[in-house]
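# The following block contains a protein sequence and its predicted model.
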Amino acid sequence: MKVLMFGWEFPPFNSGGLGTACFGLTRGLSKHDVDVTFVLPRKVDIDVDFLKMVFGDETKSVIKKQYFVNSPLQAYATEESYEYRLSEEEKKTKQIYGNNLFEEVERYGAIGGQIAEQEEFDIIHAHDWLTYKAAIAAKKVSGKHLVVHVHATEFDRGGGNEVNQYVYNIEKKGMEEADTVIAVSNLTRNRIIESYGIAPEKVRVVHNAVEFENYALDQMHELKKTKKIVLFLGRLTLQKGPDYFVAAAKKVLEYYPDVIFVVAGSGDMEKATIRRVAELGIADKFIFTGFLRGKDIHEAYQMADLYVMPSVSEPFGITPLESLMCGTPVLISHQSGVSEVLTHCLKTDFWNTDEMANKIVSILRHGELHKTLKENGVKEVKKFSWKEPAARCIDIYDQTLGRKN
């Protein structure tokens, strides 16, 4: 089977879990002998052994390709964050692709039909709203079936606040034009049905996964010798709940002062989060690392005694699986899709900072609890593999194409 897949980012050039999921899924599909033509909006240097990359008008004879449109866009971008990134790009070059985020989306959409005219494929697969216009254009040109993969909705990104109508309209249009919609969790599936009016029988759930690897601990942070370390790793946005993490940290420190809270990530709430920590008088207990990649991420997990994901609305959430893979127990919010499939962890509502603080203190104080969660968590995460979600996607492809009942 040949799949024309539209994405927005791909490791190591990714700003969050969307790129990680695309990497895992496409590698899983390759293990099932599926040929993927992967489309990205920006030309970057990526080296993977399961995809042959082609830039622009290069060789057309290969089966597995990646196309790139030169663009300063990133996944999860908002209009404000795009304008900031655009200004940074202008310092380097005047070769700017678009003046704002929505213009970028329109331009990316325009290239979808052109690629569809040149490529041979059986089905189209698009990831998140930023790619839907391109995928719809490809469907119109080719007449092929379309599967859209929803990793997050505008309701998740807004954390329950007022949604951006432009983004919502694109999401709704993409889901309506799709022959099948894939949601990363039942939580997201319910949102798609209730908030976008999509027929339940059209929406299928495919949970994300992680490939288990044994990461050697390269070095131990000096603080680890005398302090317990609690980690927040993710985008500093309303959706991820960094403000609740800070509130819980304040309460933890009242009972357990020998704790360092590490915040790894960047985003529109970064300055506000730093300011709030200072206002609470706990700045000496916090370390802000900025955005981390690759080896640094694994080291951050390994250094921590506990990883906390207090997301307000998390369609899935791969980071807890990554943390367990590195041998670090996790505390996650009930408002996350990964809580549907993960058993050996602690869970709480994102807004219940008292309970969050109590569970943080419990796992730091009680070595047996920490050991049990760590050992069972590692065993559980070993069962996760992208090969299974890939197989489920192939089954969905076959059903969408009418090859299976």
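In hand now; what should we look at? What you are looking at is a predicted structure, and each value in this text was computed from that prediction instead of being measured.
# in the longest helix that the chain contains, what's buried?
The longest helix of the chain (DSSP state H) is helix 101-118. By 16 or more other C-beta atoms under 10 Å, the buried positions in helix 101-118 come out as Leu101, Glu104, Val105, Arg107, Tyr108, Gly109, Ile111, Gly112, Gly113, Ile115, Ala116. Every residue, glycine included, has its C-beta placed from N, CA and C.
# quick one: the helices in this structure?
Assigned by DSSP H, the chain shows helices spanning 17-31, 79-92, 101-118, 132-142, 154-157, 165-177, 186-196, 242-255, 270-279, 294-303, 319-325, 353-365, 367-381, 387-400.
# re the thing from before, just checking, what packs against the longest helix of the chain?
Contacts defined by 3 or more C-beta pairs under 8 Å, 6 or more residues apart in numbering; DSSP states H and E place helix 101-118 against strand 2-6, strand 35-40, helix 79-92, helix 132-142.
# For the last one, what does the pLDDT average out to?
Put plainly, it is helix 132-142. In this model, helix 132-142 has a mean pLDDT of 95.
# Mind giving me the packing neighbours of that helix?
strand 2-6, helix 101-118, strand 123-127, strand 145-150, helix 165-177.
# Export only the CA atoms of the third one, formatted as CSV.
What follows is strand 123-127, C-alpha atoms only, in CSV (Å, rounded to 0.1, in the frame of the first residue of the first chain):
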residue,chain,number,x,y,z
ILE,A,123,-4.9,6.8,0.2
ILE,A,124,-4.2,10.2,1.9
HIS,A,125,-3.4,10.6,5.6
ALA,A,126,-3.3,14.1,7.2
HIS,A,127,-2.1,15.1,10.7
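# mind listing what that strand pairs with, with the direction of each?
The pairing partners recorded for strand 123-127 under DSSP bridges are strand 2-6 (parallel), strand 145-150 (parallel).
# Name the residues of the shortest one that are buried.
To tie it back to what came earlier, the one meant is strand 2-6. Val3, Leu4, Met5, Phe6.
# Next, format those residues as CSV and append pLDDT and distance to Asn358.
Shown next, in CSV, are the buried residues of strand 2-6 (pLDDT from 0 to 100; distance: C-beta to C-beta, whole Å):
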residue, pLDDT, distance to Asn358
Val3, 96, 47
Leu4, 95, 49
Met5, 94, 44
Phe6, 92, 44
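# between the helices and strands packed on helix 132-142, which gets nearest to Ile297?
Across the helices and strands packed on helix 132-142, the minimum distance to Ile297, taken as C-beta to C-beta, is reached by strand 123-127, at 21.2 Å.
# Mind listing the residues bridging to Val147?
Beta bridges link Val147 to His125, Thr180 when assigned by DSSP bridges.
# So what's the model's average confidence on stretch 286-297?
Rounded mean pLDDT across stretch 286-297 is 89.
# ditto for stretch 28-41
The average pLDDT within stretch 28-41 is 91.
# again, but for stretch 315-327
For stretch 315-327, mean pLDDT is 94.
# Also stretch 158-177?
Mean per-residue pLDDT for stretch 158-177: 87.
# cool, stretch 359-379 as well?
Per-residue pLDDT over stretch 359-379 has a mean of 96.
# Any buried residues in stretch 262-276, and which?
By neighbour count on 16+ other C-beta under 10 Å, the buried set for stretch 262-276 is Val262, Val263, Ala264, Gly265, Ser266, Gly267, Met269, Glu270, Thr273, Ile274, Arg276.
# my bad, stretch 39-48
Neighbour-count burial for stretch 39-48 [16+ other C-beta under 10 Å]: Val39, Leu40, Pro41, Arg42, Ile46, Val48.
# would TSV of these with distance to Arg157 be doable?
Listed next are the buried residues of stretch 39-48 as TSV, based on distance: C-beta to C-beta, whole Å:
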residue	distance to Arg157
Val39	22
Leu40	21
Pro41	18
Arg42	21
Ile46	25
Val48	28
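# among the helices of the chain, which is nearest Leu346?
helix 353-365 (4.8 Å).
# could you give the angle of the closest one to helix 242-255?
Put simply, helix 353-365 runs at 60 degrees to helix 242-255, going by axes from the mean of the first three to the mean of the last three C-alpha atoms, to 10 degrees.
# So which other helices or strands are in contact with helix 353-365?
With contacts defined as 3+ C-beta pairs under 8 Å, 6+ apart, the packing partners of helix 353-365 are strand 228-233, helix 242-255, strand 306-309, strand 330-333, strand 346-348, helix 367-381.
# Any idea how far the fourth one is from the middle of the chain?
Remark: strand 330-333 is offset 16 Å from the chain centroid, using C-alpha atoms, centre = their mean, to the nearest Å.
# who's in contact with Asn186?
Contact partners of Asn186, counting by C-beta atoms under 8 Å, 6 or more residues apart in numbering, are Val205, Gly337, Glu340.
# Which of the residues you listed sits closest to Glu176?
Proximity of the contacts of Asn186 to Glu176, judged by C-beta to C-beta, is greatest for Val205, which lies at 18.9 Å.
# is that closest one in a bridge, and if so with what?
Counting by DSSP bridges, Val205 forms beta bridges with Ala183.
# count of residues packed around it?
Neighbours of Val205 under the rule other C-beta atoms under 10 Å: 17.
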